[in-house]
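Asker: Sequence isn't available, so here's the structure alone:
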Ligand code: SDX
């Protein structure tokens, strides 16, 4: 693979302090594609000022070779391959290999990788007992935060982040075991026995087997569901420096072990502004109930005094289309038709999308359906409860998280992430003993 060159040209920006007339010259770095960056690492030393960008709307946190998004074009590519081609022609495990190692595998390399993952799918038997501490009605994401956080208590032999072999073992363990833990979480909340993984099934077939098989009878995985599951996993695999990936990178910058870092990513993904949106979309569609109530909710979404937002709409980066939403929209039709499911939610979602995209408020703000808008409809048709939707997102995103973590650890001179602030609190003041306070 041609090594992308980081073009360090003599390009610069000059920043001038209008009060003093002093100027500083800041280097510009160009990437392979996308916006160039102004390197501000010397800014504080040269000016005594920090930059201020609380939700990182204009801040690049790292260099990366994994994923590139063009928000205007609606382009998403992993290591240069578009998401459309990958969902059409690849498999989730091959995309995992691509993200981890940088290029599409040869047949023999893929078979070795697939075997490695397959033979890591079982979890330590002691982990079964962790589940018993949770109530059966616990939210599956709460269970996953706890269970994945506990993994580092089991794999002491792969916690040395500076050992490439241990990094690789941890990455394989996480990619292989998170689906098993996710399926166990689902079974636990259903009050059903855990199903052990099967080595004769593909990644997505095995996941569906562990979720839906029951001990008293054989279970045959529906190939339509397995194909849809694999496609959904590919669409959720990685997405540049989103909130949960940035959480994983920041946790990893302290040299925390990869299991703890992935647990932090799961916690961040849970929020309804992020991965929790897929559950929130179905809850919103249920609350709307009938098509005639759509205008009422559109009006609420536009009302600044109403905290209600149209879940599954909008994106920090995509400003014309989320390519993943388009793939999922067509996949929703295919899966529901294949399953003979006539879900009024799909009609409702399409009507909501149509009305919203004709509304000036949404057009002006470039708010379009994102990856979460249609995914829940497919997952519901597949038999998952809404509370499991974000867990499924986490199963897929574990591949992106661990690939981004590995890329960061392999960068020379890892430095801990430590943002600064604009302090607006009280000036220094003396302590007043309780008896003297007014
Ligand atoms: C994911 O980062 C990623 O890549 C995330 C993700 C990934 O793969 O990792 O793509 C996955 O998280 C997808 C997003 C899922 N979240 C939702 O669907 C929740 C609903 N969407 C919003 O909360 C919102 O759109 C965000 C959080 C997704 C993006 O928020 P931004 O970029 O901070 O935008 P903003 O809040 O500044 O909104 C800009 C304007 C505001 O109006 P004004 O103040 O300019 O008048 O658009 C409005 C917002 O009020 N707006 C919405 C809206 N989203 C933004 N108004 C109504 N409904 C919405 N959904």
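Answerer: Noted; the coordinates are in hand. Remember, predicted model here, so these are calculated numbers, not experimental data.

Asker: use CA for all of it now, contacts and neighbours both
Answerer: Fine.

Asker: Show residues contacting whatever helix or strand residue 350 lives in.
Answerer: Residue 350 is located in helix 344-357, with elements delineated by DSSP states H and E. For helix 344-357, contacts defined as CA atoms under 8 Å, 6 or more residues apart in numbering pick out 285-286, 290-291, 294, 298, 332, 362-363, 367-369, 373-374, 377.

Asker: What parts of the chain come near the ligand?
Answerer: 239, 242, 273-275, 277, 301-302, 309-316, 365, 370-372 (CA under 6 Å from any ligand atom).

Asker: Have a look at the protein and report its longest helix.
Answerer: Of all the elements of type helix in the chain, the one with the most residues (DSSP state H) is helix 164-190.

Asker: How far does whichever helix or strand comes after that helix sit from its chain's centre?
Answerer: Downstream of helix 164-190, the first helix or strand assigned by DSSP H and E is helix 203-212. The chain centre lies 21 Å from the centre of helix 203-212; the measure is CA atoms, centre = their mean, to the nearest Å.

Asker: by how many degrees do helix 203-212 and helix 164-190 diverge?
Answerer: Taking axes from the mean of the first three to the mean of the last three CA atoms, to 10 degrees, one finds that helix 203-212 is oriented at 30 degrees with respect to helix 164-190.

Asker: Go through the longest helix of the chain and flag the buried ones.
Answerer: 166-189 (16 or more other CA atoms under 10 Å).

Asker: Which neighbouring elements make contact with that helix?
Answerer: helix 107-118, helix 140-150, helix 203-212, helix 258-269, helix 389-410 (3 or more CA pairs under 8 Å, 6 or more residues apart in numbering; DSSP states H and E).

Asker: How far does that helix sit from its chain's centre?
Answerer: Chain-centre distance of helix 164-190: 16 Å, with CA atoms, centre = their mean.

Asker: and if you look at stretch 381-395?
Answerer: 14 Å.

Asker: Run through who's touching stretch 196-214.
Answerer: Stretch 196-214 has contacts (CA under 8 Å, 6+ apart) with 92-93, 118-119, 121-122, 179-180, 183-184, 186-187, 192-195, 219-221, 223, 226-227, 229-230.

Asker: Can you name the residue of the stretch 151-300 of the chain nearest to the ligand?
Answerer: Closest residue of the stretch 151-300 of the chain to the ligand, CA to the nearest ligand atom: residue 274 (3.1 Å).

Asker: Dihedrals phi and psi, that residue?
Answerer: Torsion angles at residue 274 (phi, psi; degrees, to the nearest 10) stand at phi -120, psi -120.

Asker: so what are the domain limits for this structure?
Answerer: Domains of the chain are assigned by automatic domain parsing as 2-70, 75-275+394-409, 277-382.

Asker: can you list those domains in JSON lines and add mean pLDDT?
Answerer: Putting the domains of the chain into JSON lines (pLDDT from 0 to 100) gives the following:
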{"stretch": "domain 2-70", "mean pLDDT": "91"}
{"stretch": "domain 75-275+394-409", "mean pLDDT": "97"}
{"stretch": "domain 277-382", "mean pLDDT": "94"}
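
Asker: that's a helix at residue 287, yeah?
Answerer: Yes - when DSSP: H, G, I helix; E, B strand; the rest coil is applied, residue 287 is found to be in a helix.

Asker: Distance of it relative to residue 395?
Answerer: With distances taken as CA to CA, to the nearest Å, residue 287 is found 28 Å from residue 395.

Asker: Comparing these two, which residue is more hemmed in?
Answerer: More crowded of residue 287 and residue 395, by other CA atoms under 10 Å: residue 395, with 25 against 11.

Asker: Separate out the buried members of the contacts of helix 344-357.
Answerer: 285, 294, 298, 332, 362, 367, 368, 369, 373, 374, 377.

Asker: So which of those sit within strands?
Answerer: The members of the buried ones among the contacts of helix 344-357 all map outside strands under DSSP state E.

Asker: can you tell which of the helices and strands packed on helix 164-190 is closest to residue 383?
Answerer: Smallest distance to residue 383 across those (CA to CA): 8.6 Å, for helix 203-212.

Asker: What is the subsequent helix or strand relative to that closest one?
Answerer: Following helix 203-212 toward the C-terminus (DSSP H and E): helix 223-235.

Asker: Need the residues that contact the very next helix or strand once past that following helix.
Answerer: For helix 223-235, the following helix or strand on the C-terminal side (DSSP H and E) is helix 243-253. Here helix 243-253 makes contact (CA under 8 Å, 6+ apart) with 258, 261-262, 264-269, 274, 400-401, 404-405, 408-409, 414-417.
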